[in-house]
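In: I'll drop the sequence and a predicted model, then ask my questions.
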Amino acid sequence: MVTSSHTMVSPGMRRDRITDLPDDVLGHVLSFLPTAEAGRAAALCRRWRYIFGHVHTVWYEEREGDGSSDWGSFYFEANKFRTCRNALLTGISGALLCRRRCAGTHVPLRSVRLAFDDFKPAWDALHVDRWLNYVLQNSDRELQLDLRFRLGPICAGDRYRFANDNDDDTDSDSDDDDDHQTGSGLYLLPRRLFSCAALKTLSLGHCRLKLPAEVNLPFLETLRLTGILNDSGRSVQRLVLSCPRLADLTLEAVRHLRTLFVLHRPLRHFALRCCHTAKSVHVDASELLSLEYRGAVPADSLLTLHGSPPHQYSCTFHFCMLSCGRVMD
């Protein structure tokens, strides 16, 4: 009797159950990948070619050092510079614009994460304006937005030189100019961002706030501000006060921050890192679960906790050594 070494497989066993999943489920699975990888995965087979339009996360991040040679190209070889930025700019634009073509509708976005190694306003600002306009028009009810316009340590040498006690604490929220401040190299955020009711998480790095007259973020729970150098502490205070549900606040290298009140009852986590001009910070500790501080050895009057914190909460301190006008670990 001759037996075959090959096992017969029934048609039911050969069925691709993953491919049979609904488009929105497959799009959700691909949303856990960076957008470029999700696009490549969607090209694996004919069934998946339109799944990319159902991905609810746009995630593009440069690595630190990717833009190190861009400035020379910007000034001396404009065409080469355009090529250097082409992969990032066209990639993000394509990821957003193809959504309607692939899905037949604008699938709401839940999360957008964009990180530039070194933002160039003259080349990049118009692209970011269009991206944010699309995101704000087609966002889900709970939008997570992470925009970082420079990578690197938050407190390293001259880049984040702390201000001395004589620095002006002037408010930069005036309407004197509406440009992108190309000379400062900082992106000017669109004002409509600060009235987006869908925002639940907002992380901003190395950009200008320039808040509108009315700021309303009723459902924002997590706020992280990093490297806000050209805006006064009053801008940060106004933004914090406009988030009644704020539960998680992180401030890093906010240069002109002097006094801050975070008297939000639902506050659970608070971190103050390398804000070397801070003189007085008041925090509602009634429901605080974690507190983190990084900076110089604080004065007794720096941090005031209002209310009794829970029995179990974590408190972490890291100290910077200030020397010769520089901040060093």
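Out: Thanks, I have it.

In: could you pull out the helices for the stretch 201-329 of the chain?
Out: 233-241 (DSSP state H, counting those that start in this stretch).

In: where does the prediction get shaky in it?
Out: For the stretch 201-329 of the chain, the stretches flagged by pLDDT under 70 are 230-232, 321-329.

In: at 90 what do you get?
Out: Applying pLDDT under 90 to the stretch 201-329 of the chain flags residues 208-210, 228-234, 255-256, 263-266, 276-277, 296-301, 307-315, 317-329.

In: now the strands for it?
Out: Remark: strands assigned in the stretch 201-329 of the chain by DSSP state E, counting those that start in this stretch are 207-208, 222-226, 248-252, 259-262, 269-273, 280-284, 290-295, 303-306, 314-319, 321-323, 326-328.

In: and Phe32, how far is that from Ser111?
Out: 10 Å (C-beta to C-beta, to the nearest Å). Quick note: C-beta positions are derived from backbone N, CA and C, even for glycine.

In: any shared contact partners between those two?
Out: Thr57 (C-beta atoms under 8 Å, 6 or more residues apart in numbering).

In: who has more neighbours out of those two?
Out: Shown here are Phe32 and Ser111; by other C-beta atoms under 10 Å, Ser111 has more neighbours (19 against 11).

In: find the helix or strand that that one is a member of.
Out: strand 109-115 (DSSP states H and E).

In: adjacent strands (with direction) for that strand?
Out: Under the criterion DSSP bridges, strand 109-115 sits next to strand 57-61 (parallel), strand 139-148 (parallel) in its sheet.

In: least confident of the ones you listed, on average?
Out: Lowest mean pLDDT within the strands paired with strand 109-115: strand 57-61, a mean of 86.

In: buried ones in that one?
Out: Thr57, Val58, Trp59, Tyr60, Glu61 (16 or more other C-beta atoms under 10 Å).

In: what distance do you get for Arg110 to Val135?
Out: Taking C-beta to C-beta, one finds Arg110 at 11 Å from Val135.

In: list residues touching both of these two?
Out: Counting by C-beta under 8 Å, 6+ apart, the residues touching both Arg110 and Val135 are Leu143.

In: does the nearest residue to Arg99 once chain neighbours are set aside belong to a helix, a strand or coil?
Out: Of all residues not flanking Arg99 in the chain, Gly53 sits nearest, at 4.7 Å (C-beta to C-beta, 6 or more residues apart in numbering). Three-state assignment for Gly53 (DSSP: H, G, I helix; E, B strand; the rest coil): helix.

In: let the chain start at 41 from now.
Out: Fine by me, first position is 41 from now on; the one you just mentioned is Gly93.

In: ok, Gly93 touching Gly67?
Out: Yes - between Gly93 and Gly67 there is a contact under C-beta atoms under 8 Å: 7.4 Å.

In: okay, the two: which has more neighbours?
Out: Ranked by neighbour count (other C-beta under 10 Å), Gly93 and Gly67 place Gly67 first, with 24 against 20.

In: is it fair to say that one lies in a strand?
Out: No - under the criterion used here (three-state DSSP), Gly67 is helix, not part of a strand.
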